[in-house]
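Engineer: from the sequence below, what's the structure:
(chains A and B)
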There are 2 protein chains.
Amino acid sequence: MKNTILVVGSVALDSVETPYGKVVDALGGSATYFSVAASKFASVRLVGVVGTDFPKKYVKLLESHKVDTTGLEIVDGKTFRWAGRYEGDMNSAKTLDTQLNVFQNFNPKIPPVWRSTPYLFLANIMPELQLKVLGLMNQRPKLVICDTMNLWISVKKNVVSKVFAKSDIVIINESEVKQFTGMPNLLKGARKVLKLGPKWLVIKRGEYGVLLIGRTGTYCLPGYPLEHVEDPTGAGDTFAGGFVGYLAKTGKNDAKTLTNAVVYGSVVASYNVQSFSLRKLAELKSSDIKKRYNGFKTLSCFY
Amino acid sequence: MKNTILVVGSVALDSVETPYGKVVDALGGSATYFSVAASKFASVRLVGVVGTDFPKKYVKLLESHKVDTTGLEIVDGKTFRWAGRYEGDMNSAKTLDTQLNVFQNFNPKIPPVWRSTPYLFLANIMPELQLKVLGLMNQRPKLVICDTMNLWISVKKNVVSKVFAKSDIVIINESEVKQFTGMPNLLKGARKVLKLGPKWLVIKRGEYGVLLIGRTGTYCLPGYPLEHVEDPTGAGDTFAGGFVGYLAKTGKNDAKTLTNAVVYGSVVASYNVQSFSLRKLAELKSSDIKKRYNGFKTLSCFY
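Structural biologist: This is a model prediction of the structure:
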């Protein structure tokens, strides 16, 4: 219980094309990637919604990873679907189609016994829903970590600000920091977000790695150089899963633990992009994680 | 002598506008930035050309930094001038004006006693001239390091390939690796360049830092996060100066020394962009270098 994470986010069926192939209606969604990644380190409780068309094998995949799906609501209708294509350097997806389906009316319900979960990850959903989930908890969780997206910053900046203010750690893309603050300098922007309340910002920079900024320190991990990237979908959520999973596993949140959590998040994310959907992530063993953790050490072996 | 570097490149007068101000006919040029940065670590011999309008105070500035300007030819005409503007995130310059002037007919002359200099840096000049300089040396230098630019890759790729083949270390921008190889994946591109002959590639990624790739290892240093960037001009040449300077100072070129050289290059480059022209770089003390070297350690303080 004390190492358990509650995640609220999307569960989706993704159709993705990249130079290396394509998948149709593959398992996807922020809560999905997060859960499976986090499950490598801690127990996970998932709150989300799918339609009656959601394949049972995907529920089984989640459950085989210690992910408790009691909170995965199945409602009449079709599951959230996203279709996208990656080209060239594959750094950003071109969205081909989005069908919100049952996700459009997602109203997160937290099972009563889950309302004291110590670690809460608010994946990218409408910020009002993120606030609602926080309000449903019996007490403030030990650690609240949130994500968001450019759409919400663009249309609901004030609500996003409230979510940031109530979070301990904000996980955010580099471009979103600039968008949210209007500051072209990333560090200045980061300091502005920190003033809202969160103790730490985890700034994702895609293939360039992660910048961790708090009031007391700044740390920077480069991205793991990969010769083969097959499908970048879910990299950010997988990172968040490894990051929060490691924090939950250790039960600590000092700077040293956070920097290590950034490495573990980067390790699982770097594996995840090497195959479509969750194929590689699902099969990932602790020996694989250990191996690439050491790879990161060698990579950063300066001085 | 055994720690001395010979650099052949441009000496220019730069007019630069950024959100923080502007300078007109300020000291610039690849060989200039390189020399002053390298002089913090080793002795430097500069080969370049300027016009009769080149201010004496700039020659004095170079000489005050142990930069031997015997090879700085002064010919009738005007000095090479470049004008540019940086906006927004200041990651790339908009060139407003280029006047090659006396640099157009630059024909590097190496003083006979300089032809056995052990460290040779071929800054970004026409690749035929880089090959010519190599041919003028009495014997192959202990270490040949080269730079180039997108223009030469675009119009003289075959000659650039020859320069790479004859170099021990190629310092190159990330985008230039992709341009040169036509490969969207940086690592695959890097391996292709390595096959031409150089032992190491030092790939500059702007604010994201540096990737060092050799046949036997890959190392990655993030960029130093800066809240104030005043003028990015010369960052790459300054980096090269610190990098080669440290190699010359130590006299070694094993992987460990190279990774440290990347840190020292990044240290001087990170200072350089914090002021216009060479203002900050010229005043840089060894205590400043030590301080930011330790800053890099803290920044990368994972595990």
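
Engineer: how about the spatially most central residue of chain A, nearest residue that isn't a chain neighbour?
Structural biologist: By C-alpha atoms, centre = their mean, chain A has its centre lying nearest to residue A:237, at 2.4 Å. The shortest distance from residue A:237 to any residue other than its chain neighbours is 3.8 Å, reached at residue A:33 (C-beta to C-beta, 6 or more residues apart in numbering or on different chains). Any C-beta I mention is one placed from the backbone N, CA and C, and that applies to glycine too.

Engineer: could you do residue A:255 as well?
Structural biologist: In space, residue A:255 is closest to residue A:217, 5.4 Å off (C-beta to C-beta, 6+ apart).

Engineer: surely the residue nearest to the centre of chain A is in a helix?
Structural biologist: Yes. Residue A:237: assigned to a helix according to DSSP: H, G, I helix; E, B strand; the rest coil.

Engineer: how close does it get to residue A:204?
Structural biologist: 10 Å (C-beta to C-beta, to the nearest Å).

Engineer: show me where chain A has helices.
Structural biologist: A:30-38, A:56-63, A:127-136, A:150-155, A:157-165, A:174-181, A:186-194, A:235-250, A:255-272, A:279-283, A:286-299 (DSSP state H).

Engineer: in a markdown table, list these along with distance to residue B:198.
Structural biologist: Output for those, formatted as a markdown table (distance: least, C-beta to C-beta, whole Å):
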| stretch | distance to residue B:198 |
| --- | --- |
| helix A:30-38 | 38 |
| helix A:56-63 | 46 |
| helix A:127-136 | 50 |
| helix A:150-155 | 40 |
| helix A:157-165 | 46 |
| helix A:174-181 | 31 |
| helix A:186-194 | 32 |
| helix A:235-250 | 32 |
| helix A:255-272 | 27 |
| helix A:279-283 | 33 |
| helix A:286-299 | 20 |
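
Engineer: just say which of those helices is most tucked in.
Structural biologist: When those are scored by mean count of other C-beta atoms under 10 Å in any protein chain shown, the highest mean neighbour count falls to helix A:30-38 (a mean of 31).

Engineer: flag every residue of chain A that's near chain B.
Structural biologist: Within chain A, the positions near chain B by C-beta under 8 Å from any C-beta of the partner chain are A:88-90, A:178, A:184-188, A:191, A:205, A:208-209, A:211, A:213, A:217-223, A:225-229, A:259-260, A:262-263, A:296-303.

Engineer: what bridges to residue A:85?
Structural biologist: residue A:17, residue A:94 (DSSP bridges).

Engineer: separation between whichever residue of the stretch 1-150 of chain A sits closest to chain B and residue A:295?
Structural biologist: The stretch 1-150 of chain A approaches chain B most closely through residue A:89 (4.5 Å), counting by C-beta to the nearest C-beta. Look at residue A:89 and residue A:295: by C-beta to C-beta, they are 22 Å apart.

Engineer: where does pLDDT dip in chain A?
Structural biologist: Residue ranges of chain A with pLDDT under 70: A:303.

Engineer: and if we set it to 80?
Structural biologist: Low-confidence segments of chain A (pLDDT under 80): A:1, A:301, A:303.

Engineer: quick one: contacts for the closest residue to residue A:228 other than its chain neighbours?
Structural biologist: Nearest non-adjacent residue to residue A:228, counting by C-beta to C-beta, 6+ apart: residue A:274, 6.0 Å away. For residue A:274, the contact set (C-beta atoms under 8 Å, 6 or more residues apart in numbering or on different chains) comprises A:226, A:228-230, A:280.

Engineer: which among those count as buried?
Structural biologist: A:226, A:229-230, A:280 (16 or more other C-beta atoms under 10 Å in any protein chain shown).

Engineer: wait, which of these is closest to residue A:130?
Structural biologist: Checking those against residue A:130 with C-beta to C-beta, the nearest one is residue A:280 at 29.0 Å.

Engineer: so how far is residue A:275 from residue A:224?
Structural biologist: Residue A:224 is 15 Å from residue A:275, where distance means C-beta to C-beta.

Engineer: what of residue A:151?
Structural biologist: From residue A:151 across to residue A:275, the span is 27 Å (C-beta to C-beta).

Engineer: swap in residue A:130?
Structural biologist: Taking C-beta to C-beta, one finds residue A:130 at 30 Å from residue A:275.

Engineer: please name the nearest non-neighbouring residue to residue A:12.
Structural biologist: residue A:29 (3.6 Å).

Engineer: hang on, that neighbour packs against residue A:35?
Structural biologist: No. Counting by C-beta atoms under 8 Å, residue A:29 stays clear of residue A:35, with 9.2 Å between them.

Engineer: what count of nearby residues applies to residue A:201?
Structural biologist: 23 (other C-beta atoms under 10 Å in any protein chain shown).

Engineer: quick one: residues contacting residue A:137.
Structural biologist: So residue A:137 contacts A:110, A:115-117, A:120 (C-beta under 8 Å, 6+ apart).

Engineer: nope, residue A:58 is what I meant
Structural biologist: Counted by C-beta under 8 Å, 6+ apart, residue A:58 has contacts A:27, A:32.

Engineer: and the closest residue to residue A:178 other than its chain neighbours, what does it touch?
Structural biologist: Excluding its sequence neighbours, the residue lying closest to residue A:178 (C-beta to C-beta, 6+ apart) is residue A:189, at 5.7 Å. Contact analysis of residue A:189 by C-beta under 8 Å, 6+ apart lists A:177-178, A:180-181, A:183.

Engineer: show me which of these is closest to chain B.
Structural biologist: residue A:178 (7.6 Å).

Engineer: and the nearest residue in space to residue A:15 that is not next to it in sequence, how far from residue B:179?
Structural biologist: Nearest non-adjacent residue to residue A:15, counting by C-beta to C-beta, 6+ apart: residue A:83, 4.1 Å away. Counting by C-beta to C-beta, the gap from residue A:83 to residue B:179 is 31 Å.

Engineer: any idea how far the residue nearest to residue A:255 is from residue A:261?
Structural biologist: Distance from residue A:217 to residue A:261, by C-beta to C-beta: 14 Å.

Engineer: go on, residue A:105?
Structural biologist: Counting by C-beta to C-beta, the gap from residue A:105 to residue A:261 is 34 Å.

Engineer: ok, now residue A:177?
Structural biologist: 19 Å.

Engineer: cool, residue A:85 as well?
Structural biologist: 32 Å.

Engineer: now swap in residue A:69 and tell me
Structural biologist: On the measure of C-beta to C-beta, residue A:69 and residue A:261 end up 25 Å apart.

Engineer: swap in residue A:174?
Structural biologist: With C-beta to C-beta as the criterion, residue A:174 and residue A:261 are 19 Å apart.

Engineer: tell me how far stretch A:179-194 lies from the chain's centre.
Structural biologist: Once both centres are worked out by C-alpha atoms, centre = their mean, to the nearest Å, stretch A:179-194 turns out to sit 21 Å from its chain's centre.

Engineer: quick revisit: which of the buried ones among the contacts of residue A:274 sits closest to residue A:41?
Structural biologist: For the buried ones among the contacts of residue A:274, the nearest to residue A:41 is residue A:280 (16.8 Å; C-beta to C-beta).

Engineer: test my guess that that closest one contacts residue A:269.
Structural biologist: No. Residue A:280 is beyond contact range of residue A:269, at 10.9 Å (criterion: C-beta under 8 Å).
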